[in-house]
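Undergrad: how would this look folded up:
(one chain, ligands or ions: 1)
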Amino acid sequence: MCGIVGYIGKKTNVDQVLIDGLKTLEYRGYDSAGIAILEDEVKIIKEVGKVANLEAIVKKENFHEASKGIAHTRWATHGHVDKVNAHPFKVGEVTLVHNGIIENFETLKKDLMSSGYEFKSSTDTEVVAALIDSLIKKHNDISKAICEAEDILIGSYALLIMVDRDIDSLYVVRKDSPLIIGVADDKNVVASDINVILKYTNKYILLDNYENAKLTKDKWTIFDKNGKEMNKKVLTIDMKSEDISKGVYEDYMLKEIEEEPIVLQDNIDVYLKDEETLLKNIPDLTKFKKIFIVACGSAMHAGLVGKHFLEEYADTEVVVEVASEFRYKKNFFSKNDLVILISQSGETADTIAALRLAKAQGVKTMAIVNAINSTIARDSDYVLYTYAKTEIAVATTKAYLLQVVTLLAIALNKGLTSKKLERSFVLEKLKEIKEIPAKINSLLSRMDEYNKVAEEIKDEEDIFFIGRKVDYSLAMEGSLKLKEISYIHSDTYQAGELKHGTISLIENGTKVFAIITDSSIASKTLSNMEEVKARGGKIILITTSELDDEYDFNYEKIVLPKTSEMLSVILAVIPLQLIAYRTAKMRGCNVDQPRNLAKSVTVE
Ligand code: F6R
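TA: A predicted model of the protein is given here:
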């Protein structure tokens, strides 16, 4: 989604700072980009397509060293992808960039037009620029104008604002869209995520909703929603810019898949190292009788696996909901319910909305989040970080894995504290979990098998994924991973459902991935695979070595390393991720930035 970068500080090549920042934000997904730099006057350059296109034009401009500028990557919401709709916008004396959506922009636009403003673009952002310009004229005071604009605007926004009459300041405003202010002695750098800031400082400030900031080259001041100066804590992040480089890898996605054993170990050290970490680092959830797990996309798929863990290990009823639906449906909460929100970015607008809804209903909330100090992490009653480190590739891999493992830790913890599980059983599981990183390593080394499958499916148009119970959840994740990066359409079915309609699509050579890790339904899924085979379909099976020994499956198959049944669920996703990756590579796709997608989905 849209990305924002701003610089104010000692004189430097601001154009290069902004372009570098935009490149760091590229992974979020965008379709056009632009910068505004204050030299003698504000100079704006915008271009459609990649940041490299913008960079080529910026280079020709020969910018002088400057001390202030703002920049933006746009993921179109209002209006086509073109230069006119790209940010920054300058209206009157206000130049700004915006991430978010203004819901009342049409009414505001009419009012502003009747007082003489003219608009060139179809965006909501140009309306914000005009609104703030009109309020500055009204109050003759920038801070007052910003506070009043916050009262008027409905929706979400992170704004960086330059005002002609105050060349020494950069204004920052935020509500429900991510924005981080990096602070250093001789500069302040603002961006949509921490990765941009790391090159300049590891100290940062987070604005809460309706707070705003005035930055100068060596100072920052934060104001509350009434314009009153307030104290704000400066936070420190223990990360370096090298942590987000691609290193020797061709793509971030492969790097992140290969990091899975390492980050898994970090996650285990926090939650699953021994009984003490399991009990100390996860809050006591015994009192919660029913759990809602709410998330989007892969995070929701992780939630489905978590449901299986919680039901099996903690005898707890779990309802998994897609965040964008949860907030609009009728939910029947009672006082012993817990809502778990899962999110890699911690900034997904639909998940934030679900969190707000749960809180408004007085239900306790717990976040499983990767991005430290993100909105979902900060606003939930409890937070469990996944410790996957930064994930850049749009398709999640390592963060999904750690969401699943964190949910396993929650289930074991709850099973133990509520005495549903014997202590000896839990200790045995902790012992087995320690061996999972090595088993993932062994799966990573079997690339030939994934290449063979990728070769077979790379020219397909439609593929099916089937599984039952938890294997259906895995199938959903395998299907999503494949389609989002390779653009091959695939559908997922509960294996038993196929014969109720979809089996009519199976014909000679149709490829069907089947997943069997759960012994309780293995024979049933096997029957469904036979039905596919009888109609000429080609099964590719992912299963455990125990079940393969038992059934001696006569299909093309990938057999997982030996572990207990519940833990096979963690292993099964690795071949699915690598098959998707290899298939997309063979089709020449950009695996890190698939078309139309954004890493951090900050609009609803
Ligand atoms: C798919 C993928 C998405 C995200 C979803 C939620 O590979 O990455 O489906 O899982 O957009 O994002 P977060 O976890 O940031 O809330």
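
Undergrad: any idea how far residue 237 is from residue 41?
TA: The span separating residue 41 from residue 237 equals 36 Å under the rule C-beta to C-beta, to the nearest Å. From N, CA and C alone the C-beta is placed, and that goes for glycine too.

Undergrad: which positions in the stretch 451-600 of the chain make contact with the ligand?
TA: Near the ligand, the residues belonging to the stretch 451-600 of the chain are 480, 484 when assessed by C-beta under 6 Å from any ligand atom.

Undergrad: mind listing the strands for the stretch 51-200 of the chain?
TA: With strands called from DSSP state E, counting those that start in this stretch, the stretch 51-200 of the chain shows them at 66-74, 89-91, 94-99, 157-163, 170-175, 180-183, 187-191.

Undergrad: so what's the spatially closest residue to residue 119 that is not a sequence neighbour up against?
TA: When the adjacent residues along the chain are set aside, residue 119 lies closest to residue 126, with 5.4 Å between them (C-beta to C-beta, 6 or more residues apart in numbering). Residue 126 makes contacts with 89, 91, 119-120, as judged by C-beta atoms under 8 Å, 6 or more residues apart in numbering.

Undergrad: for residue 294, list each beta-bridge partner.
TA: On the basis of DSSP bridges, residue 294 takes part in beta bridges with residue 321, residue 341.

Undergrad: so what's the residue count around residue 271?
TA: For residue 271, the number of neighbouring residues by other C-beta atoms under 10 Å comes to 25.

Undergrad: and it, how far from residue 481?
TA: Summarising the geometry, the distance separating residue 271 from residue 481, computed by C-beta to C-beta, is 25 Å.

Undergrad: and residue 41 and residue 237? which has more neighbours close in?
TA: In this view residue 41 and residue 237 are compared by other C-beta under 10 Å, and residue 237 has more residues nearby, 16 against 9.

Undergrad: so residue 172 makes contact with residue 207?
TA: Yes. With contact taken as C-beta atoms under 8 Å, residue 172 and residue 207 are classed as touching, separated by 6.8 Å.

Undergrad: who has more neighbours, those two?
TA: When residue 172 and residue 207 are compared for neighbours, residue 172 comes out ahead with 28 against 21, by other C-beta under 10 Å.

Undergrad: identify the bridge partners of that one.
TA: Going by DSSP bridges, residue 172 is paired in beta bridges with residue 160, residue 213.

Undergrad: just to revisit the earlier point, which neighbours do residue 172 and residue 207 have in common?
TA: Going by C-beta under 8 Å, 6+ apart, residues that sit against residue 172 and also against residue 207 are 179, 181, 213.

Undergrad: what residues are up against the first one?
TA: Read it as residue 179. Neighbour list for residue 179: 4, 99, 158, 172, 190-192, 207 [criterion: C-beta under 8 Å, 6+ apart].

Undergrad: let me see the mean pLDDT of stretch 485-501.
TA: Averaged across stretch 485-501, the pLDDT comes to 95.

Undergrad: just the terminal-to-terminal distance for that stretch.
TA: Stretch 485-501 has its terminal residues 27 Å apart, counting by C-alpha to C-alpha, to the nearest Å.

Undergrad: before we move on, what about stretch 509-526?
TA: Between the opening and closing residues of stretch 509-526 lies a distance of 18 Å (C-alpha to C-alpha).

Undergrad: give the buried residues for that stretch.
TA: The neighbour-count criterion (16 or more other C-beta atoms under 10 Å) identifies 510-518, 521-522, 525-526 as the buried residues of stretch 509-526.

Undergrad: of the residues you listed, which belong to strands?
TA: 511-516 (DSSP state E).

Undergrad: how about these in CSV, adding pLDDT and distance to residue 553?
TA: Formatted as CSV, the entries for these read as follows, by pLDDT from 0 to 100; distance: C-beta to C-beta, whole Å:
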residue, pLDDT, distance to residue 553
511, 98, 16
512, 98, 14
513, 98, 13
514, 98, 9
515, 98, 12
516, 98, 8
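
Undergrad: re the thing from before, possible to save the strands of the stretch 51-200 of the chain as a markdown table with distance to residue 596 and mean pLDDT?
TA: Supplementary listing: the strands of the stretch 51-200 of the chain in a markdown table, determined by distance: least, C-beta to C-beta, whole Å; pLDDT from 0 to 100:
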| stretch | distance to residue 596 | mean pLDDT |
| --- | --- | --- |
| strand 66-74 | 14 | 96 |
| strand 89-91 | 24 | 97 |
| strand 94-99 | 18 | 96 |
| strand 157-163 | 22 | 97 |
| strand 170-175 | 26 | 96 |
| strand 180-183 | 26 | 96 |
| strand 187-191 | 23 | 97 |
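
Undergrad: could I get those strands in CSV, plus columns for distance to the ligand?
TA: As requested, the strands of the stretch 51-200 of the chain are arranged in CSV below (distance: least, C-beta to the nearest ligand atom, whole Å):
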stretch, distance to the ligand
strand 66-74, 17
strand 89-91, 28
strand 94-99, 15
strand 157-163, 16
strand 170-175, 18
strand 180-183, 16
strand 187-191, 17
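
Undergrad: how distant is the biggest helix by length in the chain from the center of its chain?
TA: When every helix of the chain is counted residue by residue (DSSP state H), the longest turns out to be helix 565-586. The gap between where helix 565-586 is centred and where its chain is centred comes out at 19 Å by C-alpha atoms, centre = their mean, to the nearest Å.

Undergrad: for it, give the mean pLDDT please.
TA: Along helix 565-586, the predicted local confidence has a mean pLDDT of 97.

Undergrad: ok and it relative to strand 511-516, angle-wise?
TA: 160 degrees (axes from the mean of the first three to the mean of the last three C-alpha atoms, to 10 degrees).

Undergrad: use 353 as the first number for this chain going forward.
TA: Taking 353 as the first residue, the last one we looked at is helix 917-938.

Undergrad: pull out the buried residues from helix 917-938.
TA: Going by neighbour count (16+ other C-beta under 10 Å), the buried part of helix 917-938 is 918-937.

Undergrad: so what's residue 389 bridging to?
TA: Applying DSSP bridges to residue 389 yields these beta-bridge partners: residue 395, residue 421.

Undergrad: my read: residue 832 touches residue 651, true?
TA: No. With contacts counted by C-beta under 8 Å, residue 832 stays clear of residue 651, the gap being 11.0 Å.

Undergrad: just want to know which of the two has more residues nearby.
TA: More neighbours surround residue 651 than the other of residue 832 and residue 651, with 25 against 22 (other C-beta under 10 Å).

Undergrad: OK, contacts around the closest residue to the more buried one other than its chain neighbours?
TA: Once flanking residues are discounted, residue 651 sits nearest to residue 694: 4.2 Å by C-beta to C-beta, 6+ apart. Contacts of residue 694 were listed using C-beta under 8 Å, 6+ apart, and they are 645-647, 651-652, 654-655, 658, 703, 719-721, 755, 759.

Undergrad: please redo it, this time with the cut-off set to 10 Å
TA: Contacts here follow C-beta atoms under 10 Å, 6 or more residues apart in numbering; on that basis residue 694 touches 645-648, 650-655, 658, 672, 675, 700, 703, 718-722, 728, 736, 738, 751-752, 755-756, 758-759.

Undergrad: give the helix, strand or coil label for the residue nearest the centre of the chain.
TA: For the chain, the residue sitting closest to the mean C-alpha position, by C-alpha atoms, centre = their mean, is residue 697 at 3.8 Å. The assignment at residue 697 comes out as coil when based on DSSP: H, G, I helix; E, B strand; the rest coil.

Undergrad: how close does it get to the ligand?
TA: In this structure, residue 697 lies at 3 Å from the ligand, with C-beta to the nearest ligand atom, to the nearest Å as the measure.

Undergrad: I'd like to know which of the shared contacts of residue 524 and residue 559 is nearest to residue 943.
TA: Sorting those by distance to residue 943 puts residue 531 at the head of the list, at 28.3 Å, by C-beta to C-beta.

Undergrad: tell me the residue of the stretch 603-752 of the chain that sits nearest the ligand?
TA: Proximity to the ligand, evaluated over the stretch 603-752 of the chain using C-beta to the nearest ligand atom, is greatest for residue 649 at 1.9 Å.

Undergrad: I'm done for today, thanks for sticking with me.
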